[in-house]
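Asks: pasting the structure only:
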Ligand code: F6P
């Protein structure tokens with residue numbers, strides 16, 4: 001099949017770098033002679049037939065803009081048969097022969113389902129969580145990492161001045177990939193992640209050891225997937241004389257100007273995605289692995305979970321001695 005028209009969509013949680021990825025997909029596709037449509041508000045726009053034509057100038061001036069010009073929305077309906085049927089009907093109605101999805105793990109699952117209807121799909125990994133199997137990095141992760149490290153550098157000033165323990169909450173849904181990188185890069189004394197169980201009594205014993213070693217303030221990075229931070233902090237405070245404070249970084253981690261690294265990946269991922277379509281290689285996840293842009297068939301990534309990096313975890317702990 002000779003593809004003439006494709007669509008691009010940015011579903012799920014936005015990630016800084018989605019805009020440069022949309023720009024790369026649109027421009028590469030137009031240069032290859034394709035017509036391109038953008039789908040508004042993620043899969044909701046596909047179900048509700050809310051699309052727009054994309055041209056070279058539609059994506060001007062967005063390379064340095066956070067969020068997504070296409071907008072996004074959480075869409076549970078795409079996980080249902082009626083929702084999928086409606087989505088496919090919209091694609092057919094507009095003569096769209098292939099879909100490029102820029103999003104996280106939920107978007108990857110949806111991409112696989114849409115491809116089972118015979119529509120060629122390419123997924124580009126974009127999520128601050130960096131939790132997608134098959135790729136060492138997702139678009140947006142580096143920007144979020146920089147935002148969080150910058151925030152912790154500031155928190156450290158007040159932690160040092162007041163000689164307090166600060167527990168800083170980092171996003172990442174049920175995973176600790178972003179937290180671990182933040183902890184390592186910010187020099188946090190402890191990184192609490194869902195992948196590694198640590199009891200409060202062990203943690204408090206280690207906190208006291210740190211104090212004995214001469215540390216007067218401590219930073220604990222706490223992944224949101226570990227449960228309610230206020231309860232955790234109250235438990236730590238009960239057993240420590242040092243004052244404990246909490247700082248949840250929240251949605252600032254998802255916003256802001258995409259970093260050079262996020263834009264770089266966005267450009268290369270977007271370009272690669274369109275090249276795959278023009279080479280007739282469908283139903284794949286674009287990825288970054290071993291220093292190279294590559295791709296994996298959906299069948300190679302389906303249902304697989306990214307492994308937690310134990311070595312990195314141990315290194316982060318050792319370096320904070
Ligand atoms: O997947 C990105 C993410 O920001 C997670 O880190 C977080 O748990 C979740 O999305 C928040 O989702 P929502 O935007 O629906 O509140």
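Replies: Structure's in. What do you need? Here the structure is a predicted model, which means the values were calculated and not measured.
Asks: tell me how many other residues surround the nearest residue to residue 304 once chain neighbours are set aside.
Replies: Spatial nearest neighbour of residue 304, chain neighbours left out: residue 133 (4.2 Å); criterion: CB to CB, 6 or more residues apart in numbering. Just so you know, the C-beta spots here come from the backbone N, C-alpha and C atoms, and that holds for glycine as well. By other CB atoms under 10 Å, the residues close to residue 133 number 18.
Asks: how about residue 152?
Replies: 23.
Asks: is it true that it lies in a strand?
Replies: No: counting by DSSP: H, G, I helix; E, B strand; the rest coil, one finds residue 152 to be helix, located in no strand.
Asks: contacts only, for it.
Replies: Listed by CB atoms under 8 Å, 6 or more residues apart in numbering, the contact set of residue 152 reads 168, 182, 186, 188, 219, 221.
Asks: which strand or helix spans residue 135?
Replies: Using DSSP states H and E, residue 135 falls within no helix or strand.
Asks: phi, psi of it?
Replies: phi -130, psi 130 (degrees, to the nearest 10).
Asks: OK, contacts around the residue positioned nearest the centre of the chain?
Replies: Nearest residue to the geometric centre of the chain (CA atoms, centre = their mean): residue 127, 1.5 Å. Neighbour list for residue 127: 12-13, 15, 103-105, 138-141 [criterion: CB under 8 Å, 6+ apart].
Asks: now it: how far from residue 49?
Replies: The gap separating residue 127 from residue 49 is 26 Å, by CB to CB, to the nearest Å.
Asks: how about residue 266?
Replies: Using CB to CB, residue 266 is found at 27 Å from residue 49.
Asks: give me the distance from stretch 274-292 to the chain's centre.
Replies: 19 Å (CA atoms, centre = their mean, to the nearest Å).
Asks: and it, what's its mean pLDDT?
Replies: Averaged over stretch 274-292, pLDDT sits at 98.
Asks: next: stretch 26-42.
Replies: 98.
Asks: quick check, it touching the ligand?
Replies: No: Stretch 26-42 lies out of reach of the ligand by CB under 6 Å from any ligand atom, never closer than 11.2 Å.
Asks: picking that back up, show me the contacts of residue 127 that map onto strands.
Replies: Judged by DSSP state E, the contacts of residue 127 include residue 103 as members of strands.
Asks: got the residues of the stretch 151-300 of the chain near the ligand?
Replies: 171-173, 224, 254.
Asks: of those - the most surrounded one?
Replies: Busiest of these [other CB under 10 Å] is residue 172, holding 27 neighbours.
Asks: of residue 266 and residue 49, give the one with the bigger neighbour count.
Replies: Remark: of residue 266 and residue 49, residue 266 carries more neighbours, 28 against 15, as counted by other CB under 10 Å.
Asks: element containing that one?
Replies: helix 260-278.
Asks: what helices and strands are in contact with that helix?
Replies: Packing partners of helix 260-278 (3 or more CB pairs under 8 Å, 6 or more residues apart in numbering; DSSP states H and E): helix 18-31, strand 98-103, strand 121-125, helix 141-162, strand 284-289, strand 292-297.
Asks: tell me the buried residues in that helix?
Replies: Applying a neighbour-count criterion of 16 or more other CB atoms under 10 Å, one finds 261-263, 265-277 buried in helix 260-278.
Asks: from the residues you listed, which is closest to the ligand?
Replies: residue 262 (14.2 Å; CB to the nearest ligand atom).
Asks: contact partners for the nearest residue to that closest one once chain neighbours are set aside?
Replies: Closest residue to residue 262 apart from its sequence neighbours, by CB to CB, 6+ apart: residue 17 at 3.4 Å. Applying CB under 8 Å, 6+ apart, we find residue 17 in contact with 126, 139-140, 143, 258-259, 262-263, 265-266.
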